[in-house]
Structures are given as structure tokens and as C-alpha cells.
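# 3D, please:
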Amino acid sequence: MSRPLHRGMSGVRVPEVDEFSWDSQLKDKTEKDNLVRTRSPHPQRPVSWRFVASMFCPENSPSKSGLGENGFGSDPLNIGAATRSRQNLIFLLIKLSLVLIVILALSGSLWWTISISTLSRDYILRGYRRMQDQFISDLSAIGELSLGAARLKELEFCTPEFENCVPCFLNVSEKIDSDNTVSGVYDRQCGQEPKQNCLILPPKNYRIPLRWPTGRDVIWVGNVKITAQQVLSSGSLTKRMMMLEDDQISFHSDSIMFGVEDYSHQIAEMIGLRNESNFNQAGVRTVLDIGCGYGSFGAHLFSKRLLTMCIADYEDSGSQVQLTLERGLPAMIVSFNSKQLPYPSLSFDMVHCAWCGIEWDQKDGLLLIEVDRLLRPGGYFVWTSPLTTAQGSDRNKVKLQKWTVVRNYAESLCWEMLSQQDETVVWKKASKKSCYASRKPGAGPPICSQGHDIESPHYRPLEPCIGGTRSRRWIPIEQMTSWPARATLDSTELKIHGVQSEEFVEDDLNWKSAIRNYWSLLSPLIFSDHPKRPGDEDPYPPYNMLRNVLDMNARFGGFNSALLETGKSVWVMNVVPTSGPNHLPLILDRGFVGVLHDWCEEFPTYPRTYDLVHAEGFLSLETKRTRGCTMLDLFTEIDRILRPEGWIIFRDTASLIEAARALAARLRWDARVVEIESNHEERLLVCQKTFFKRPPK
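Numbering: from 1, shown residues only. Model (predicted):
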């Protein structure tokens, strides 16, 4: 499919020309030019009539003294001489006529040649100017038109306070936690801070994460914001889940005191299943884990072929999202207080909240309404909290009141309480819409109107109405195809999303072919002059070198599907840009995870959280925008979220790839442009982020 344009790989095209070959070509060109000038039919000086006459008249022709004024011989008695003179005159006239014809022909040919040359030169110049203007336009569109060498210098490194910077999340208030510590309450407000076009260096003790699956259970303390003191002073639950060992944190999900396996087994039984291995048969594939701790619940469900998305608020330290991503599990920062989440309606089969800190009884039930919007018909809401065991004593009167409010709200949403054990309650969302019509007037929130029932909201305010009921995707999870067959949608399901079967199948086949070539490009051979990880001790090809993957322009999720079908142990955050077609509902219906995002805003994650960033057609899509940000802003954001020694793959038009390569140099990425044999108008740009360490003071 592709051929890298560099040395060091077999079967590639090397565009390099050595000095000798270049001098030889110049010499050959000079000799050819001289030869052309020598053979040119056009004289160097104008042709004189005297010279022409001398060419055709012999030297023994009569002299001037022997000719009369009329050109005849002066001796009237010499008839032979007169005859010869007339013949010579006739021949001379014929010769002059031929010379005149030749001159006219040469003049016409010269004029025609000059005209053709002028027209060709003008055409070539116009074509060159068009190409030059197009290239300048492309460079201008990405904000990187170079006006001097100073504009192309490498970016500076950020100051140390940016090591764990997450833009957009501002402190809006403060609260006192259960352990009497003061922490901030943050809300997402992008555009409040100026863009920082600098490169964020990792912490001083940062180390490359351990390969999956070892990295799921052991992480480096120096890679995350939480400190050893915070681990040691954390609550009893955290201590049971984590163990500090020198410079590592180990996660013991199935310890004697608290077992995630026992907990998930209990939830399965409450639903009516034999064990958690039967979740898939009950229609559960994707889980939204609110306030997920450090991802242990999702790590266990992953072994059961379930995909769990962890969401939590931004935190100053000890971040749940950062530690979960460091373990190689899906997570993103989301403020669950005032806005709808950037996911479509009817997106998840289960929503889980275990000691998540959400006060579900507040805000007139708006938070529970948002959970209902996100759940598919027949989906499950699992809540584990001490409130569910509140008794009627005076001491627990407040807790009992909160529990009663939540239970009544759930009933008004047509949720059925399946079971309650210990501190855990499981509700099931209605599978049929008829339940809403059968409610008493005024009992519970109304159905959203057409204008408020937005299938894919992007941080809109919370709505006090039930959403998703107008969607054509209202299909109970019991009727959905089990995983992994769910990943391949049939023609009826594609019709719901407005996608043609032929287009979907073609996209799927193209990605299956592309993945085999992509993966081979991530070997150290392509950067033979810049030796990088994986080293000699790592497996080759590097099947386990990647875990967290972000697709900046996911379209149908074909990149995600192809990675899984080829057996790669990765998960993909499928990002659907707000500037393009919205296929996020299709992606989530396939059993993947993803989010709607405006790339002129920072992505809701901590620095250094992805191993691979993929962007097919992303540059072309973003250059069509009429507002927002420069391409330099986008590239510095990619650098922020990418782990040191992580990879970037761009696929786009040749001109945009060349411009992107110039930007990659400014960000100090090692970069190579690779040809695509099946498409000569596009190129691949494969980059690797360099592992820079902050110099000692």
C-alpha cells in the first residue's frame, strides 16, 4: 500500500541524488544546450542581400565594368555572351526567388516558434503560479505561512507549572470533602485562557509506561499527579484498591477485603444473570462509569468483553481520569453538574455509579434525567451508596429523605427497581415508550419537544425533560445483536443512520487493508537514524507497544473496527469533530466508545495520555473552517495529549502533508512522509514524539 520515502527499508524508492550525479546532470544539460544552439536554424546576425547574392553568383561572373546599367553585356556583337547573360539572369532571378521563399519560410517558422514558445512559457508560468498560489493558500489555511526563518524555529518548552495542565476547566467554587479537606469544583469553560503554543515537558521522574497488560496493574508514581503521601493518607477504600511499592503503584482489584469480581458478580445476579460473563447475552456491551475511582471496575469488565468509559470531574490531584488512562483504560474529564454530556441519546447499555459523589436528589432530578437520556431502552442504572440502606431513625432521617427522593424520581422516569442488596440498587429503564403515556398527569418530567430533543448535544444545558424518545434508534438492548456481531451493522441499521451499505462496506474493507500497512510503519526501522522504543527486548513487530489510541476524525469507526479484527490489544477513543458529519450515534451503536468534540477547544484529558493519535482527512476538514484556531494550535494540543515516544499518523492531500511536516519539525517530532501506492494524490505523515526531559536546575 505504501512506501516510505527514506533510507533503511527494502523495496522503497529513494529520492536522494548524490553530488557526482548532480554535477553530471548539469554538465550533460550544458552540452545539450550548446548543441542545440549550434544546430539552430536561426542565424546569430541578420542576413544581408549582398551575402545572399554572393552565395548564388559564381566568382567568374562578369565584373561591374562589363555590365551596362540594365545588367546586360556591353558588347552587342557577342550574341552568345548575351544569351548566356540572359540565362544567368534568369537563373539568378530563380535563385533569388528561392532565397526569398526560404527566407519567408524561415521567418514564418521563426515567428511560429516564438509564438508557440511564448504561449507555452505563459501557460507554464500560469500553471506554476497556480500551483504556487495553491500551496501558499494551503500554508495560509493552516496558519503557517513562513515569512522568514524566525517563523520556523522550534517551539519553546513550557514552564514547569504546565506539566499537568488541563485547559478549559476553571475553579468555580470550593467544597469540603468527607475528610475535611478543601477541594475545588470545576466547570468546563473553554476559550477563557490564551493559547499556550509551547511544548509541555513531562515531570522530572516520568518513565515510559509498562506494556499492556502489565501496565494495567502497575504504574509509575512519577507519571501521575498523585503523590506517595496522598496514597498513604487516602481513605480506606483507596488503600484496599492500591498499594504503594517504592516508585510504583500496584492495583489489587481482587483483594480479600474488597473484590471487584464479587461486586460485578453480585450486579449480574441482581439483573437476573448467572454471573458477569452473561452481561453480553443480556445486551450489555458499553458501560458509562461515573466517578470511576481508578478504573478497577472497568478493568475487570474488560476481561468479560465489556467496554467501560470512565468519566469524572477535573481534580487538582489524585485524578481518577489520569490514573485510569495511565492504566490503559478509557476515560475522559466530564463535569457532571450543569451540562449534558457530549454523547448521543441512547448511547450506553449500563450507567454505573459506586460511591461517585453525585447528589442525585439535587437539581430537581436533572442529573437522573440525563442518565435516562444516555441509557438505551432496557438499559440498567447501578447505584451503590450508603444512602440506599438508610433506616427510619432520627440520626438517618436526612439520608432517608434523600433516598426517598431518588427512588421517587426513578419511578417517575419509568425505571423499574429490579433488586436491592446491601448498598447496591439496580434499576431498569423502560423498553417501551407506552410507559410514559400511562403516567398520571404531572407525575414526572414531560417528554422533550422536537427542538429540545437533540440526539448529539455538545455541552448543552441540562434539560428538564425526557429525551431520546423521538429517535429512530429506540431499540431495546435485548433486541440488539450481541458483541462482537454488533460491530457490523446490517442494511436496516445503516438506513437508520442515513448511510448506504456500499459506502459502509467499502470503508470497512479499506481500513482492514490499511491497518496491516499502518502497523508495520510503527516499527523502529522507519526511524533507523533515530533509534526509538521498542528496543531489542520488546517483541517484533511491536504488537503491544500501543494501548490508548485516539482517532481525531473517526467517521464510521472503521479504524477502530479494523484494529480489533486484526487482534490488536488497543481501545480507541473515536472523536467526531463538530465541523464534520455527525456519525457518533453509529459509532456507539457498533459497540465502540467516542465523543463529539470541537478541535478548536482542548480535548478533555490530562497531558501524556495517548500512545497513538490518528487523523485521516482531518487536515482537509479543519482547513475548511472559517473561524477558530490555527493548525499550530491543533498540533500543540496533539503534543500535549500524546505520551513521550508516542506516534502520530496523518493521511491527507500531498500539499497539506508537506505543510504538516514543516509543523512537525517545529514541534521537534521525528517525521517521515510515505507514499500511498493506491492513491497518488494523498500521502502519509508518520511522526514520533521525542522524549525530552527537563534539564536540571
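# Where do the helices of the stretch 351-500 of the chain begin and end?
366-374, 397-412, 434-437, 491-496 (DSSP state H, counting those that start in this stretch).
# With Leu667 as the reference, name the closest of the ones you listed.
With CB to CB, the closest approach to Leu667 among the helices of the stretch 351-500 of the chain belongs to helix 366-374: 36.5 Å. No exception for glycine: its C-beta is placed from N, CA and C like everyone else's.
# Which secondary structure elements does the closest one sit against?
Other helices and strands packing on helix 366-374, by 3 or more CB pairs under 8 Å, 6 or more residues apart in numbering; DSSP states H and E, are strand 348-354, helix 397-412.
# quick one: Gln281 and Pro604, what's the gap?
33 Å (CB to CB, to the nearest Å).
# Of those two, which one has the most company?
Counting neighbours by other CB atoms under 10 Å for Gln281 and for Pro604 shows that Pro604 has the greater number, 24 against 12.
# How about the secondary structure of that one?
The three-state assignment at Pro604 reads coil, by DSSP: H, G, I helix; E, B strand; the rest coil.
# burial of the nearest residue to it once chain neighbours are set aside, as a residue count?
Leaving out its chain neighbours, the residue that sits closest to Pro604 by CB to CB, 6 or more residues apart in numbering is Ile333, at 4.2 Å. Residues within reach of Ile333, counting by other CB under 10 Å, total 23.
# per-residue confidence for Ile333?
Note on Ile333: pLDDT of 94.
# which ones are touching it?
166, 169, 188, 311-314, 321, 604-606 (CB atoms under 8 Å, 6 or more residues apart in numbering).
# Which entries within those meet the buried criterion?
Among these, those buried by neighbour count (16 or more other CB atoms under 10 Å) are 166, 169, 188, 311-314, 321, 604-606.
# Would you mind putting those into JSON lines with pLDDT and distance to Thr488 alongside?
What follows is these, written out as JSON lines (pLDDT from 0 to 100; distance: CB to CB, whole Å):
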{"residue": "Val166", "pLDDT": "89", "distance to Thr488": "36"}
{"residue": "Phe169", "pLDDT": "82", "distance to Thr488": "38"}
{"residue": "Arg188", "pLDDT": "84", "distance to Thr488": "35"}
{"residue": "Ile311", "pLDDT": "95", "distance to Thr488": "28"}
{"residue": "Ala312", "pLDDT": "92", "distance to Thr488": "32"}
{"residue": "Asp313", "pLDDT": "90", "distance to Thr488": "36"}
{"residue": "Tyr314", "pLDDT": "90", "distance to Thr488": "37"}
{"residue": "Val321", "pLDDT": "93", "distance to Thr488": "31"}
{"residue": "Pro604", "pLDDT": "94", "distance to Thr488": "30"}
{"residue": "Thr605", "pLDDT": "95", "distance to Thr488": "29"}
{"residue": "Tyr606", "pLDDT": "94", "distance to Thr488": "34"}
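# Show me these that map onto helices.
Among the buried ones among the contacts of Ile333, the members falling in helices are Val321 (criterion: DSSP state H).
# Out of the buried ones among the contacts of Ile333, the closest to Cys356 would be?
Nearest member of the buried ones among the contacts of Ile333 to Cys356, counting by CB to CB, is Ala312, at 8.1 Å.
# Could you tell me how many residues sit around the closest residue to the closest one other than its chain neighbours?
Spatial nearest neighbour of Ala312, excluding adjacent residues (CB to CB, 6+ apart): Gln320 at 4.2 Å. The number of residues packed near Gln320 is 22, by other CB under 10 Å.
# now Leu288
By other CB under 10 Å, neighbour count at Leu288 equals 25.
# how near is it to Cys165?
For Leu288, the distance to Cys165 (CB to CB) stands at 26 Å.
# for Glu261, same thing?
37 Å.
# rewinding a little: quick check: which of the helices of the stretch 351-500 of the chain is buried the most?
helix 366-374 (a mean of 23; mean count of other CB atoms under 10 Å).
# ok so, going back, turn the contacts of Ile333 into a markdown table, including distance to Asn574.
Output for the contacts of Ile333, formatted as a markdown table (distance: CB to CB, whole Å):
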| residue | distance to Asn574 |
| --- | --- |
| Val166 | 21 |
| Phe169 | 22 |
| Arg188 | 20 |
| Ile311 | 16 |
| Ala312 | 20 |
| Asp313 | 23 |
| Tyr314 | 22 |
| Val321 | 18 |
| Pro604 | 15 |
| Thr605 | 14 |
| Tyr606 | 19 |
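# Which single one of those is nearest to Pro484?
Among these, and counting by CB to CB, the member closest to Pro484 is Ile311, at 24.4 Å.
# Now that closest one. Nearest residue, chain neighbours left out?
Using CB to CB, 6+ apart, the nearest residue to Ile311 is Val334, at 4.2 Å.
# Output the longest strand anywhere in the chain in CSV with nothing but the alpha carbons.
Taking DSSP state E as the criterion, the chain has its longest strand at strand 642-653. Provided in CSV are the C-alpha atoms of strand 642-653 (Å, rounded to 0.1, in the frame of the first residue of the first chain):
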residue,chain,number,x,y,z
LEU,A,642,0.5,12.4,23.4
ARG,A,643,2.8,10.3,25.5
PRO,A,644,6.6,10.7,25.0
GLU,A,645,7.7,8.4,22.2
GLY,A,646,4.1,8.2,21.1
TRP,A,647,3.1,8.1,17.5
ILE,A,648,1.0,10.3,15.1
ILE,A,649,-0.3,9.2,11.7
PHE,A,650,-1.7,11.8,9.3
ARG,A,651,-3.3,10.9,6.0
ASP,A,652,-4.3,13.7,3.7
THR,A,653,-3.5,15.6,0.4
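# just checking, what packs against it?
strand 610-616, helix 618-623, helix 654-666, strand 682-688.
# Tell me what angle the third one forms with strand 610-616.
Helix 654-666 runs at 150 degrees relative to strand 610-616, counting by axes from the mean of the first three to the mean of the last three CA atoms, to 10 degrees.
# how about helix 654-666: buried residues?
654-657, 659-661, 663-664, 666.
# hey, C-alpha coordinates of that helix in CSV?
Extracted as CSV, the C-alpha positions of helix 654-666 are listed here (Å, rounded to 0.1, in the frame of the first residue of the first chain):
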residue,chain,number,x,y,z
ALA,A,654,0.1,15.9,-0.6
SER,A,655,0.3,19.7,-0.1
LEU,A,656,-1.2,19.6,3.4
ILE,A,657,1.1,16.7,4.4
GLU,A,658,4.1,18.7,3.3
ALA,A,659,2.9,21.7,5.3
ALA,A,660,2.2,19.4,8.3
ARG,A,661,5.8,18.1,8.0
ALA,A,662,7.1,21.6,8.4
LEU,A,663,5.0,22.0,11.6
ALA,A,664,6.2,18.6,12.9
ALA,A,665,9.8,20.0,12.7
ARG,A,666,8.8,22.9,14.8
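# returning to what we had before: for the buried residues of helix 654-666, which one is nearest Ile648?
Looking across the buried residues of helix 654-666 and measuring by CB to CB, the closest to Ile648 is Ala664, at 7.9 Å.
# thought that closest one was touching Val686?
No. Look at Ala664 against Val686 with CB atoms under 8 Å: they stay out of range, at 9.8 Å.
# okay, and the common contacts of those two?
648, 671.
# The stretch 501-650 of the chain: helices as residue ranges?
501-521, 558-565, 584-589, 618-623, 631-641.
# just these: most buried one?
Highest mean neighbour count among the helices of the stretch 501-650 of the chain (mean count of other CB under 10 Å): helix 584-589, a mean of 25.
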